[in-house]
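**Student:** Quick one: sequence and predicted model below, then my questions.
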Amino acid sequence: MPVIETWGLTKRYGPVTALTSLDVQVSEGITGLVGANGAGKSTLIKILLGLLAPTEGRADVLGHDIRTDGAAIRAQVGYMPEHECLPPDVRAIDFVVHMGRMSGLPPTAARERAADVLRHVGLAEERYRLMGGYSTGMKQRAKLAQALVHDPRLVLLDEPTNGLDPASREDMLHLVSRIGHDFGIPVLVTSHLLGELERVSDHVIVLDSGALLRSQATGEFTGTTGVLLVEVLGDAQAQHRMGEALAAAGLACRPRGGLIEVDTRHHRPEQRVHDTVRDTAVSLDVGLVRVQAEHGRIEDVFRQEVSHVQQS
Amino acid sequence: MSSSPERRAVIHDIGYRTYDGPRLGTGSVATSLFTTGLLNAYGFGRSAKAKVLPLVVLAIMLVPAVILVAIMVVVGLGEGFIDYSTYATSLFLIISIFVAAQAPVLFSRDLRSGAIVLYLARPLSAAGFALVRWASLAVAILMFVMLPVLVLYAGALAAEADVSEQTGDLLVATAGIALLSAVLATLAGLVSALTLRRGLAVGAVVIALLVSTGFVAAVQSIAVVEGNEAVAVWAGLLSPFTLVDGVQSGLLGGTSSYPAAPETGVMAAVYLLTALAVIGTGLALLVRHYHRQGKR
Ligand SMILES: Nc1ncnc2c1ncn2[C@@H]1O[C@H](COP(=O)(O)OP(=O)(O)OP(=O)(O)O)[C@@H](O)[C@H]1O
Ligand SMILES: [Mg+2]
């Protein structure tokens, strides 16, 4: 059973349509929800939490209807909002214990789990400090800790990497990956950086101005594109000679910087292309540095689709 | 076999632990929120400097009571020479400062820091949250005003005053203080929730309480001098302190500390109904305000 399922979900703010008849399914593992600023990511999350009522359509979260079972959903879901949400004059440990209590944990369990999750997010040392003095990275970790303290059945993370420097961004993505893959909690995580989530997510949902653009396994976005990249070593003309020879052998190829791009899509099986490349290099007496299948990126897919949509 | 650093790291990292224990219902969640809010109002569970103001003001509130008790005991004065029901009103300035300074702790802080979103994303409803916050503030004010009164009561008993008489007076004062706390919590809570900047909220509440009370006192004095009792009594509805003082003296037999107080049962009932209407309307507005927060 999917952890989240929506049918024709639509949200309008007066004249602005934030979500347009959205049908999506989210399963176990990590699902990335990507889209540019204003695509409707936060709106979708707030609707799933029952904080906002949809204009049309319906949705189930963990088998509960958002219209009638909001409290049951909120008891089992962990939510990390995109904006600041930490009182500056409270210590992280006290705050996370308190939030655990607000999710229904008994006092002792709340204390134990707060200490546990603060350690998992890397705030073991700093947990006795007032959160007002935290760096952006530490604040994001504390926000994540409060979303985990009650051992949720699902976490909704809205832009967890927002405002982080590259190193903290990596740490946060690593944490997200641990939650989804090691802790076994399904994760829906958003980002406006299209490529950021492809390494950690199992599935990607792409929103464009409130409409569903794509929803598929990450592997399908980032799988091989059918292009083989070839790099050779030899005299100054080596690359040029290699390209000419490959073309003469009947392969569709063209230069790309210091590489030769060979389109294998019309030459099945691909192994034959590999053999041709190797034999050609041998006969021309040039060194073969690499023969590599090119991988796609979510960003490329998104660009192609958006330009396609805009043209039509 | 000696343990390598990696192995030790593994032993330390006990991994993620799931939770299969009980999950408590709305009642215990609300109780926990109430207690935390009450402690927060006195600065507990917050920074060290957050405790300074409430505790200093509480000390100032207690000093007159302690001095009076000392005199009573030393002089052996059997009759408490101050009426419990007038103690609160005579210290309305200090009460106003406490209320103005601490109402934003419960009603602006969550909205300003954004933590309200985390509360609303949890099982307790927006209405439940608003009402529990209100209860924390009302009880915090009640404790603030009751503590010196209890000191006076204990002192009177120590001075061997008449127990039943003293207890009767105490009950009247307690009812009045409870009503005063509810009215003040409603007004100050509402102003704080609508005025997010702490400084502004404190100022707005102090001004509202002091100006209204000063205005009523002035109008009442003038009206009484002019012989216009009716105007004086109606004016008493306009300040929380004169309002509760009127209920206390008109319906409960307490002593009024203001120039005019309701003398007929009907007028006393108008005072009580006004107080209840203020609380009811204020709570409805607070609930509506919190309900809107999740939609932002
Ligand atoms: N309360 C509101 N009132 C009016 N319009 C709103 C409101 N909230 C969001 N919108 C609009 O709805 C659209 C979707 O907003 P949303 O915040 O869901 O986007 P997002 O994908 O989360 O963007 P971001 O990456 O900037 O966080 C935007 O056009 C936004 O301006
Ligand atoms: Mg957003």
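**Tutor:** Everything's here; your move. Ligands and ions are numbered 1, 2, ... in the order given.

**Student:** got the contact list for B:Thr195?
**Tutor:** With contacts defined as Cβ atoms under 8 Å, 6 or more residues apart in numbering or on different chains, the neighbours of B:Thr195 are B:Pro104, B:Ser108, B:Ala201, B:Ala204. The way it works is simple: take the backbone N, C-alpha and C, and place the C-beta from them, glycine included.

**Student:** Then B:Glu229?
**Tutor:** Applying Cβ under 8 Å, 6+ apart, the residues contacting B:Glu229 are B:Ala223, B:Ala260, B:Glu263.

**Student:** Below-threshold pLDDT in the stretch 101-250 of chain A: ranges please.
**Tutor:** Applying pLDDT under 70 to the stretch 101-250 of chain A picks out residues A:221-224.

**Student:** Okay, helices next: where are they in it?
**Tutor:** For the stretch 101-250 of chain A, the helices defined by DSSP state H, counting those that start in this stretch cover A:107-120, A:136-148, A:166-177, A:218-222, A:238-248.

**Student:** Could you do chain B as well?
**Tutor:** With DSSP state H as the definition, chain B shows helices at residue ranges B:5-12, B:26-41, B:52-75, B:84-90, B:92-107, B:109-113, B:116-120, B:126-158, B:163-194, B:198-225, B:229-235, B:240-251, B:265-293.

**Student:** possible to save the ones you listed as CSV with mean pLDDT?
**Tutor:** Below are the helices of chain B laid out as CSV (pLDDT from 0 to 100):
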stretch, mean pLDDT
helix B:5-12, 44
helix B:26-41, 96
helix B:52-75, 89
helix B:84-90, 81
helix B:92-107, 94
helix B:109-113, 93
helix B:116-120, 96
helix B:126-158, 94
helix B:163-194, 93
helix B:198-225, 89
helix B:229-235, 89
helix B:240-251, 91
helix B:265-293, 95
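
**Student:** closest to A:Arg119 among the contacts of B:Thr195?
**Tutor:** B:Ser108 (32.4 Å; Cβ to Cβ).

**Student:** my guess is A:Leu175 meets A:Val121, correct?
**Tutor:** Yes: the criterion here is Cβ atoms under 8 Å, and A:Leu175 meets it with A:Val121 at 6.2 Å.

**Student:** More neighbours: those two, which one.
**Tutor:** The neighbour comparison of A:Leu175 against A:Val121 (other Cβ atoms under 10 Å in any protein chain shown) goes to A:Val121, with 26 against 21.

**Student:** correct me, but that one touches A:Leu144?
**Tutor:** Yes: assessed by Cβ under 8 Å, A:Val121 is found in contact with A:Leu144 at 5.1 Å.

**Student:** Could you name every residue contacting both of these two?
**Tutor:** Joint contacts of A:Val121 and A:Leu144 (Cβ under 8 Å, 6+ apart) are A:Leu175.

**Student:** thinking again about what came up before, farthest-separated two in the contacts of B:Thr195?
**Tutor:** The most widely separated members of the contacts of B:Thr195, counting by Cβ to Cβ, are B:Ser108 and B:Ala204 (10.6 Å).

**Student:** who's more crowded, the two?
**Tutor:** Set B:Ser108 next to B:Ala204 and count neighbours by other Cβ under 10 Å: B:Ser108 wins out with 22 against 19.

**Student:** Can you check the pLDDT for residue 263?
**Tutor:** You didn't say which chain, so I picked chain A. For A:Asp263, the pLDDT comes out at 82.

**Student:** I was after chain B.
**Tutor:** 86.

**Student:** dump the residue contacts of it.
**Tutor:** Counting by Cβ under 8 Å, 6+ apart, B:Glu263 touches B:Glu229, B:Val233, B:Gly250.

**Student:** Make JSON lines out of those and add distance to ligand 1.
**Tutor:** Shown next, in JSON lines, are the contacts of B:Glu263 (distance: Cβ to the nearest ligand atom, whole Å):
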{"residue": "B:Glu229", "distance to ligand 1": "53"}
{"residue": "B:Val233", "distance to ligand 1": "47"}
{"residue": "B:Gly250", "distance to ligand 1": "48"}
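
**Student:** out of those residues, who's nearest A:Ala281?
**Tutor:** B:Gly250 (105.3 Å).
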